[in-house]
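In: coordinates only, sequence not included:
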């Protein structure tokens, strides 16, 4: 994501009192997260064209969920990403605050949701780019099933996730439950989300989201 006007934040998420209402809010977030005021360039970055190619990878079994702890850093070894995690909540209008644009190296975690490593699907969002350079999630579309994602937590432990799929979801085909809901009951899962598709100069927004789905397969110190 990129933008010159910072007064209108992306990442809208209306707060609900039930999971169903939360999913509706997340659907709105999924649409608004692609909004861009100015684009560095029209094409998206990352290997989006390769997303969804069949992969003959034997994935490990899921590890039991960990206890609650706050995320501090996100590591993606295959991409060279070592990003601080910023807890994000709702702004005065009831929308989720994305990571600030002046911290394009940071990953935003939806702090009212699941903690990474705990049961359920934890949500993390990062910018695709800024006005001048690629941002933290610039290349997550190049991840493949079997790739490792690590979350360092404030209890001194590391939640180790394995990527199971990477999808580019068009805004007009967005399914909140498929995108953000846990795939398996009781499993610890992680979603990494950024902009995708192509940049539409008419609407000043990207046409899709890139969603990386991973699940807990190990722990470390």
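Out: Done, it's in. Please read these numbers as outputs of a predicted model, since none were measured by experiment. Residues are numbered from 1 along each chain as shown.
In: ranges for the strands of the chain?
Out: Along the chain, counting by DSSP state E, strands occupy 71-76, 81-88, 107-110, 120-125, 148-153, 158-170, 188-200, 205-220.
In: So for the shortest one, mean pLDDT?
Out: The pLDDT scores in strand 107-110 average 92.
In: helices or strands up against that strand?
Out: If contacts are counted by 3 or more CB pairs under 8 Å, 6 or more residues apart in numbering; DSSP states H and E, strand 107-110 sits against strand 81-88, strand 120-125. (Glycine included, C-beta is placed from N, CA and C.)
In: Could you do the longest one as well?
Out: Using 3+ CB pairs under 8 Å, 6+ apart, the elements in contact with strand 205-220 are strand 148-153, strand 158-170, strand 188-200.
In: quick one on the thing from earlier: and the helices and strands packed on strand 107-110 as JSON lines, adding distance to residue 137?
Out: Output for the helices and strands packed on strand 107-110, formatted as JSON lines (distance: least, CB to CB, whole Å):
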{"stretch": "strand 81-88", "distance to residue 137": "8"}
{"stretch": "strand 120-125", "distance to residue 137": "8"}
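In: Please identify the most buried of the ones you listed.
Out: strand 120-125 (a mean of 24; mean count of other CB atoms under 10 Å).
In: Direction included, what does that one pair against?
Out: In the sheet, strand 120-125 lines up against strand 107-110 (antiparallel), strand 188-200 (parallel) (DSSP bridges).
In: weakest of those strands in terms of mean pLDDT?
Out: The bottom spot among those, by mean pLDDT, belongs to strand 188-200, with a mean of 88.
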